[in-house]
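**Student:** What would the 3D arrangement of this be:
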Amino acid sequence: MFMDRLLRETQRLANIFTAMEALRLADERGNPRGWASPFGLLQIIRCCGVISDLVSAIARAGYRECDRETLEEIASENRKVLYSVHAQISA
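**Tutor:** Numbers count the residues shown, from 1 in each chain. This next block holds a predicted model:
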């Protein structure tokens with residue numbers, strides 16, 4: 001169950017970076033909201049928060065649904081995304 005949710009949320013985060021998803025999330029005037037917009041950054045931070053919560057839940061469950069190496073890699077990539085967002089906001 002946790003793993004399915006983790007995969008869905010990871011896919012959602014990946015979709016934010018695609019052109020098709022940006023067009024789908026266009027504003028009321030049809031202008032696409034890029035991932036670097038305030039809305040896009042908020043979506044990314046929200047996805048990262050959900051991913052972090054899911055990774056923690058899987059870890060607390062004793063790695064029954066996912067091996068430790070995979071969880072650590074997912075958490076590492078999640079941190080890299082958050083650091084990128086932080087750098088974007090700080091710039």
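**Student:** can you give me phi and psi for E28?
**Tutor:** When read as degrees, to the nearest 10, the backbone of E28 gives phi -60, psi -20.
**Student:** what about the nearest residue to V81 once chain neighbours are set aside, neighbour count?
**Tutor:** Distance criterion CB to CB, 6 or more residues apart in numbering; nearest residue to V81, sequence neighbours excluded, is C48 at 5.7 Å. C-betas here are computed from N, CA, C, even on glycine. Neighbour count of C48, defined by other CB atoms under 10 Å: 19.
**Student:** didn't C48 look like it was pressed against S84?
**Tutor:** No. Between C48 and S84 there is no contact under CB atoms under 8 Å: 10.2 Å.
**Student:** mind checking which helix or strand of this protein has the lowest mean pLDDT?
**Tutor:** Lowest mean confidence among the helices and strands of the chain (mean pLDDT, DSSP states H and E): helix 19-24, at a mean of 64.
**Student:** Check which element follows it along the chain.
**Tutor:** As assigned by DSSP states H and E, the chain's next helix or strand after helix 19-24 is helix 38-60.
**Student:** Who are the packing partners of that next one?
**Tutor:** helix 2-16, helix 68-90 (3 or more CB pairs under 8 Å, 6 or more residues apart in numbering; DSSP states H and E).
**Student:** Next, the angle helix 68-90 makes with that helix.
**Tutor:** 160 degrees (axes from the mean of the first three to the mean of the last three CA atoms, to 10 degrees).
**Student:** Return the set of buried residues in helix 38-60.
**Tutor:** G40, L41, Q43, I44, C47, C48, V50, I51, S52, L54, V55, I58 (16 or more other CB atoms under 10 Å).
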